[in-house]
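Undergrad: this is a predicted model, with the sequence first.
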Amino acid sequence: MKQKGLYDLDRRMYRRTFMHYAGASALMLPAFSMLSGCGGSDKQSTEKTEAVDASGERKLGIALVGLGKYSEGELAPALEETKLCRLAGIVTGTPEKAEKWKKKYNIPAENIYNYQNFDQIRDNPEIDIVYVVLPNSMHAEYTIRAAQAGKHVICEKPMATSAADCQKMIDACNKAGKKLAIGYRLHFEPHNLEMMRLGQQLEYGKVKRILAQNGQKEGNDTPWRFDKELAGGGPLPDVGIYCLQGAIYTKGQIPVSVTAQYHPVTDKDKFKEVEEGIDFQLQFEDGSVAECKTSYNDQYNLLRAEADKGWFELQPAYQYGGLKGKTSQGDMKVENINQQARQMDAMADSFMNNTEIKVTGEMGMRDVQLIEAIYQAADTGKKVSTTHVQKALNHYKTA
Ligand code: NAD
């Protein structure tokens with residue numbers, strides 16, 4: 001069953017796009033130059049006009065930076081389903097990958113970059129958005145370089161490996177007048193939107209307790225995930241971040257303090273630098289608590305809220321599809337969608353129409369600050385105050 005609110009969003013995006021690109025030519029030039037970080041010369045405007053597709057809509061061009069598992073398995077296929085944006089370019093250090101993607105996705109040679117010549121992307125009017133899908137510690141550098149090249153940025157989660165880097169990324173995008181969104185796909189996913197609605201609108205009364213658990217058996221195919229320098233941590237910044245997010249958007253509040261305990265290490269070779277698992281608890285101002293756990297050596301996938309007048313939960317809650325929701329009154333009747341396509345279209349809509357971004361750099365920084373506090377709590381065994389974190393909340397809106 002298609003949810004009314006989301007259907008309306010689809011239609012609104014189409015209407016906006018149509019008005020944006022198919023309007024009178026007098027309206028077109030300012031619109032195009034708004035999208036371009038390079039000014040909007042006559043040459044660029046002509047090229048952009050040529051990029052208008054057969055139905056009269058110009059999709060924003062995305063360049064994926066880093067062609068690993070997530071880009072290859074999820075983002076590139078999703079970009080074949082998006083309505084407002086398309087795969088226009090790639091950035092890779094591996095010539096064989098460049099050749100493979102060039103053929104598979106029909107990417108022109110001039111839209112293929114490597115890490116050395118990446119900054120030349122500033123001269124390419126076909127690329128509106130740079131999507132950073134690299135190991136976590138590289139997010140800051142490529143977000144900043146993309147903004148300096150005059151492109152809007154989508155940066156994968158976790159935003160960075162330190163709050164200090166997050167601030168630099170926000171500052172660089174602000175300075176360049178470019179927008180920044182974090183790849184938090186679940187803010188666009190119907191089951192998770194329903195958790196936000198039920199929790200934030202107090203449908204079952206005050207939420208007193210949240211359980212958020214996300215764990216997976218992590219293999220060896222992406223070794224950087226066990227490297228503290230590159231990953232910033234273990235399962236906490238990688239998959240535990242979804243527990244943090246889920247608890248906050250279900251409760252509609254940011255915790256005021258955190259406590260945490262590391263899991264025992266059972267595989268000493270694998271977990272030399274990062275934690276194997278961690279339990280953490282978020283304390284909210286009204287006395288309610290979120291009990292969270294995450295692991296690279298165990299499987300769980302749950303977001304559950306217990307409220308004064310009932311409960312509601314998702315299990316699985318965070319994976320790419322097949323999510324299931326239940327409440328104390330029965331099954332949730334919401335559909336599974338292509339999360340990445342929905343996310344990228346919503347972001348393209350915000351970029352082209354200058355509307356509110358649901359998942360801002362400030363939200364990404366908030367979560368990195370909370371992760372730092374959780375590690376501090378686990379290291380010291382003490383409760384750590386989190387009243388200093390960014391007050392970035394995305395309240396559920398019924399638009
Ligand atoms: P991956 O290892 O499969 O891909 C990383 C890419 O970066 C590879 O193409 C690799 O060649 C390239 N790279 C460049 N320099 C590198 C270096 N010094 N070391 C290692 N790789 C280097 O990883 P992935 O699973 O695709 O994850 C990439 C990013 O996407 C991470 O930040 C991750 O958190 C995020 N991610 C998000 C989701 C989501 O659901 N939003 C899902 C998976 C991954």
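TA: Nice, I can see it.

Undergrad: quick check: residues of the stretch 101-250 of the chain near the ligand?
TA: 133-136, 156-157, 183, 185, 222, 224, 230, 238 (C-beta under 6 Å from any ligand atom). Glycine gets a C-beta too; all of them are placed from N, C-alpha and C.

Undergrad: which ones are touching residue 286?
TA: Shown in contact with residue 286 (C-beta atoms under 8 Å, 6 or more residues apart in numbering): 206, 253.

Undergrad: how close does it get to residue 365?
TA: For residue 286, the distance to residue 365 equals 24 Å [C-beta to C-beta, to the nearest Å].

Undergrad: just for the stretch 1-150 of the chain, where's the confidence low?
TA: Applying pLDDT under 70 to the stretch 1-150 of the chain flags the ranges 1-55.

Undergrad: and the residue of the protein nearest the ligand?
TA: Closest approach between the chain and the ligand, counting by C-beta to the nearest ligand atom: residue 68, at 1.7 Å.

Undergrad: what's the closest non-adjacent residue to residue 326?
TA: residue 313 (5.8 Å; C-beta to C-beta, 6 or more residues apart in numbering).

Undergrad: let me redo that: residue 369
TA: Setting aside the residues directly before and after it, residue 369 is nearest to residue 389 in space (C-beta to C-beta, 6+ apart), at 4.2 Å.

Undergrad: and the pLDDT for residue 391?
TA: Residue 391 carries a pLDDT value of 89.

Undergrad: got a list of what it touches?
TA: For residue 391, the contact set (C-beta under 8 Å, 6+ apart) comprises 254, 366.

Undergrad: element containing it?
TA: Under DSSP states H and E, no helix or strand contains residue 391.

Undergrad: and it, its phi and psi?
TA: Main-chain dihedrals, residue 391, degrees, to the nearest 10: phi -90, psi 50.

Undergrad: ok so, going back, was I right about the residue of the chain closest to the ligand contacting residue 221?
TA: No. In this structure, residue 68 is not within contact of residue 221 by C-beta atoms under 8 Å, at 9.5 Å.

Undergrad: those two: which has the busier surroundings?
TA: Using other C-beta atoms under 10 Å, the more surrounded residue of residue 68 and residue 221 is residue 68, with 16 against 8.

Undergrad: how close does residue 64 sit to residue 139?
TA: Residue 64 is 14 Å from residue 139, by C-beta to C-beta.

Undergrad: with residue 355 instead?
TA: 24 Å.

Undergrad: higher neighbour count, the two?
TA: With neighbours defined as other C-beta under 10 Å, residue 355 and residue 139 compare such that residue 139 has more, 29 against 12.

Undergrad: for residue 217, grab phi and psi.
TA: Dihedral pair for residue 217: phi -80, psi 110, per degrees, to the nearest 10.

Undergrad: any idea how far it lies from residue 300?
TA: To residue 300, residue 217 is 11 Å away according to C-beta to C-beta.

Undergrad: who has more neighbours, the two?
TA: residue 300 (17 against 9).

Undergrad: list the contacts of that one.
TA: Contact analysis of residue 300 by C-beta under 8 Å, 6+ apart lists 213-215, 293.

Undergrad: of all the residues you listed, which two lie farthest apart?
TA: Greatest spacing in the contacts of residue 300, by C-beta to C-beta: 214 and 293 (8.0 Å).

Undergrad: list residues touching both of those two?
TA: Common neighbours of residue 214 and residue 293 (C-beta under 8 Å, 6+ apart) are 240, 243, 300.

Undergrad: who is the residue nearest to the second one when sequence neighbours are not counted paired with across the strands?
TA: Using C-beta to C-beta, 6+ apart and skipping residues adjacent in sequence, the residue nearest residue 243 is residue 212, 3.5 Å away. Applying DSSP bridges to residue 212 yields these beta-bridge partners: residue 292, residue 303.

Undergrad: pull the contacting residues for residue 292.
TA: Residues in contact with residue 292 (C-beta under 8 Å, 6+ apart) are 211-213, 240, 243-244, 247, 279-282.

Undergrad: closest to residue 177 among those residues?
TA: Comparing the contacts of residue 292 against residue 177 with C-beta to C-beta picks out residue 244 as the nearest, at 30.1 Å.

Undergrad: how many residues are close by the closest one?
TA: Residue 244, neighbours per other C-beta under 10 Å, totals 26.

Undergrad: equivalent analysis for residue 211, please.
TA: Residue 211 has 21 neighbours, counted by other C-beta under 10 Å.

Undergrad: per the annotation, how does the chain divide into domains?
TA: Domains of the chain are assigned by automatic domain parsing as 6-183, 186-335+361-392.

Undergrad: rebuild those domains as JSON lines, extending it with distance to residue 343.
TA: Formatted as JSON lines, the domains of the chain follow (distance: least, C-beta to C-beta, whole Å):
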{"stretch": "domain 6-183", "distance to residue 343": "7"}
{"stretch": "domain 186-335+361-392", "distance to residue 343": "5"}
